[in-house]
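> Pasting the sequence and the predicted coordinates here, then a few questions.
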2 protein chains.
Amino acid sequence: MFDQIDRKIIDILQQDTNKSVVDIANEVGLSHTPCWRRIKRMEDMGLIRSRVALVDRRMANVGMTIFIAIKVPRHNSVWLDAFRKEIRDIPEIMEAYRLTGETDYLLRVVVPDIEVYDQVYQNLINRLEFSDLSSSIAMEEMKFTTALPTKYM
Amino acid sequence: MFDQIDRKIIDILQQDTNKSVVDIANEVGLSHTPCWRRIKRMEDMGLIRSRVALVDRRMANVGMTIFIAIKVPRHNSVWLDAFRKEIRDIPEIMEAYRLTGETDYLLRVVVPDIEVYDQVYQNLINRLEFSDLSSSIAMEEMKFTTALPTKYM
DNA sequence: CGTGAAAGTCGCTATCC
DNA sequence: GGATAGCGACTTTCACG
């Protein structure tokens, strides 16, 4: 489905979308037309979902990252729907996963400081019942990338 | 530093970089020249870090997300440097944070399936000593966004 | 896949208000 | 901040080998 050249193109586009098709074509050893055809194909089939700007967390004044591990007693659908809606609507929540193991859900939240985090936190527990909810502050972001590994494509 | 129009521009660019400056200018109620000047300014100052392509996880054959919670007995600098290098070099590791609380580090890993995950896992524990290392499989990705909230800017 | 070429759009800059 | 104008670069598509 995808060959080595496709992977190279994806590697490049996952790092920088500002490069022109001609530049990318040179990097992967193609001329611009077939290179453009490949990019177009991968966009049309949905492999390339979107092109977005990545913004600096500190400069956007959301330098603090906090993880919330959530335990829920029994999941009924009404509660779950409400939970899903909250997650979707709260812009400070960047990621949310339903997990196996002890914690049922894991959220990654970004805020300017602890005061604002407390507001987000209070807001959440006032609207929904939780069995247990524990926060961990990220002292350091050691790695953050949006570039998926291409070796399994 | 940033006004409401800047925030609107960032909101748009965080969702879609394919829009032309003219389109963005129309959306935020400016003509294209001042709009372009604002974007340029935010790029030059580093608020807009980069423009990247977001790739579909499933189609890239890394549909499985796993979190690794790591505990370390005592952090010496040699171990930490080696740990940092591993995190940086393993492409399946998308995020890594140093946390407060019980777990010292939290990693988000993407792989095609459990077999490959086991390879990544074995690879990691063969190269470095850990006090404790527990994996949680993400059954469902409920939310994932790269768009930071702009209300604190 | 390659070359070449065409057309249209866009980024970017400058100038003047 | 707005308007206009311009150049060059880029995207996108074509025909043809």
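Noted; the coordinates are in hand.
> Next up, the contacts around the most centrally placed residue in chain A.
By CA atoms, centre = their mean, chain A has its centre lying nearest to A:E95, at 5.9 Å. By CB atoms under 8 Å, 6 or more residues apart in numbering or on different chains, the contact set of A:E95 is A:106-108, B:141, B:143-145. For the C-beta atoms, the positions are set from N, CA and C on the backbone; glycine is no exception.
> Show me what the longest strand seen in chain A packs onto, helices and strands only.
With secondary structure taken from DSSP state E, chain A has its longest strand at strand A:132-144. With contacts defined as 3 or more CB pairs under 8 Å, 6 or more residues apart in numbering or on different chains; DSSP states H and E, the packing partners of strand A:132-144 are strand A:64-71, helix A:114-127, helix B:77-89, strand B:93-99, strand B:105-111.
> what residues does it touch?
A:57, A:64-71, A:117, A:121, A:124-125, B:84, B:87-88, B:93-101, B:103, B:105-106.
> try 7 Å this time
A:65-71, A:121, A:125, B:84, B:87-88, B:93, B:95-101 (CB atoms under 7 Å, 6 or more residues apart in numbering or on different chains).
> What residues does the residue of chain A positioned farthest from its centre make contact with?
When distances are taken from the C-alpha mean of chain A, A:S31 lies farthest, 33.1 Å away, according to CA atoms, centre = their mean. The contact partners of A:S31, by CB under 7 Å, 6+ apart, come to A:A25.
> mind checking which of the helices and strands packed on strand A:132-144 is nearest DNA strand C?
strand B:105-111 (26.8 Å; CB to the nearest atom of the strand).
> The closest one versus strand B:93-99: what angle between them?
Here strand B:105-111 points in a direction 170 degrees away from that of strand B:93-99 (axes from the mean of the first three to the mean of the last three CA atoms, to 10 degrees).
> Check which helices and strands strand B:105-111 is in contact with.
strand B:64-71, strand B:93-99, helix B:114-127 (3 or more CB pairs under 7 Å, 6 or more residues apart in numbering or on different chains; DSSP states H and E).
> Tell me which strands the shortest one pairs with, and in which orientation.
Strand partners for strand B:93-99, identified by DSSP bridges, are recorded as strand A:132-144 (antiparallel), strand B:105-111 (antiparallel).
> Please put the alpha-carbon coordinates of the last one into CSV.
It refers to strand B:105-111. Presented in CSV, the C-alpha positions along strand B:105-111 are these (Å, rounded to 0.1, in the frame of the first residue of the first chain):
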residue,chain,number,x,y,z
TYR,B,105,7.5,9.0,34.4
LEU,B,106,4.6,8.5,32.1
LEU,B,107,5.1,7.5,28.5
ARG,B,108,2.6,7.3,25.6
VAL,B,109,3.5,4.7,23.1
VAL,B,110,1.9,3.8,19.8
VAL,B,111,2.3,0.4,18.1
